[in-house]
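# Have a look at this fold, sequence not included:
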C-alpha cells in the first residue's frame, strides 16, 4: 500500500511539467501544419512558373510538319502509280479514259479495284449513277445442285449495293464466297451475295476498318444452311475434304489474289491442280492452282457441308 501511494505522489509532482511540454508540442505541430497547408495552397508566382522551351516546341512542330509532308508524298506517289495503272488500262480499253477524265467521281477503293482487275471496267463505268442501289436480284441464277456456282462480287446484280464503308463489289468477297458455298450445298438459289451481306451487317459480322469477320464463316454460315469447320493448313487434309465434296473457304494474305485481304473458295481437287472460285476474278477462277502456290498465301480456312438440324 505505501509503495503505491509513493508512486502516485511522484507522478503528481511532475504532471505540470509534462502538461506544459505537451501543449508546447501541440503548438509546434499545429503551426507547422498551418504553414505547410498555406504553402501548398498558394498559387505559384508566375515569374517562377516553368515555361516550355521555345526551341524544343518549334522542333516538335517541325517534326510534325515533316511527318505530314512525308505522308502527303507517299499518298501522291500512290495516286501517281494508280493513275499510271489506269492509263495502261485505257490504252487497251479506250472507254476507261472516261474514268481518268472524271476521277473525282470515283472513290479511291473503286479505282484501285479497277487498277488491280480490268475485268471490273464495265462495273466501274456505271458506278457514279448506280452505287448504293440495293440489289433487286432474288436468285443467283441457274446452277447444278451439288456444284459450287461461280459468283463475282462486282456482278451488277448486287455489286452496287452498300456493304460496310463501300459496296459489295469492293469489299464483299466474304459474303460472295459464302453465298457460293451455301447455294451449292443446299441448292437454294435465293442465297445471293446481297442477302448474305445484309445479314452480315445486321448481325455484326462486318467489322469497320477490317471487313468481313471470320466468325461469319463458322458461325453466321448456319443461317444459310451450312456448317463450317476450321481446318489445319495441311495438304492431305485439304485434298481429303475436297475429294469428299466439301468446299473450302480461304482467307488470303496479299499475293496473287489480293493486295490487302481476300476470301476465295477451293471447290475441287484434280490431278492437274486445285479449282478455285475467286469472287473477284474470272481469269484466276479459270486456272488450276498448285497447292504449293496457294499454301503460303492462306491465312485461315474452313470446310463446309450441309448443316443438320
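Nice, I can see it. These numbers come from a predicted model, not from an experiment. Numbering: from 1, shown residues only.
# all contacts plus neighbour counts: C-alpha atoms, from now on.
Fine.
# ok, residue 302 - contacts?
Residues near residue 302 by CA atoms under 8 Å, 6 or more residues apart in numbering: 217, 218, 228, 229, 230, 231, 248, 249, 250.
# will you turn those into TSV that also has secondary structure?
TSV is the format used below for the contacts of residue 302 (DSSP: H, G, I helix; E, B strand; the rest coil):
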residue	secondary structure
217	helix
218	helix
228	strand
229	strand
230	strand
231	coil
248	strand
249	strand
250	strand
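# And the buried ones among the residues you listed, selectable in ChimeraX?
The buried residues among the contacts of residue 302 can be selected in ChimeraX (16 or more other CA atoms under 10 Å) with this line:
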select :217,218,228,248,249,250
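# Buried residues in the helix or strand that contains residue 170, which are they?
Residue 170 is part of helix 168-171, with elements assigned from DSSP states H and E. Using 16+ other CA under 10 Å as the test for burial, helix 168-171 gives 168, 169, 170, 171.
# Can you tell me what sits against that helix?
So helix 168-171 is in contact with 109-110, 113, 153-155, 158-164, 193-194, 197, 211, going by CA under 8 Å, 6+ apart.
# one step back: output the contacts of residue 302 in a markdown table, with pLDDT appended to each entry.
Conversion of the contacts of residue 302 to a markdown table gives the following (pLDDT from 0 to 100):
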| residue | pLDDT |
| --- | --- |
| 217 | 98 |
| 218 | 97 |
| 228 | 97 |
| 229 | 97 |
| 230 | 98 |
| 231 | 98 |
| 248 | 98 |
| 249 | 98 |
| 250 | 98 |
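# Go ahead and list the helix or strand containing the closest residue to residue 96 other than its chain neighbours.
Among residues not flanking residue 96 along the chain, residue 90 sits closest, at 4.8 Å (CA to CA, 6 or more residues apart in numbering). Per DSSP H and E, residue 90 falls inside helix 54-92.
# coming back round to it: out of the contacts of helix 168-171, which sit inside strands?
162, 163, 211 (DSSP state E).
# Distance of the closest residue to the last one other than its chain neighbours relative to residue 281?
Which is residue 211. Spatially, and ignoring its direct neighbours in sequence, residue 211 is nearest to residue 171 (6.8 Å; CA to CA, 6+ apart). From residue 171 over to residue 281 the distance is 14 Å, taken as CA to CA, to the nearest Å.
# Now do the helices in the stretch 1-150 of the chain.
Along the stretch 1-150 of the chain, counting by DSSP state H, counting those that start in this stretch, helices occupy 2-41, 54-92, 97-101, 108-116, 121-125, 127-130.
# need the contact list for residue 189.
If you count contacts by CA under 8 Å, 6+ apart, then residue 189 has 139, 140, 141, 142, 183 around it.
# give me the beta-bridge partners of the residue nearest to residue 218 when sequence neighbours are not counted?
Nearest non-adjacent residue to residue 218, counting by CA to CA, 6+ apart: residue 228, 4.6 Å away. For residue 228, the beta-bridge partners are residue 304 (DSSP bridges).
# so residue 228 touches residue 217, yeah?
Yes: in this structure, residue 228 is within contact of residue 217 by CA atoms under 8 Å, at 6.3 Å.
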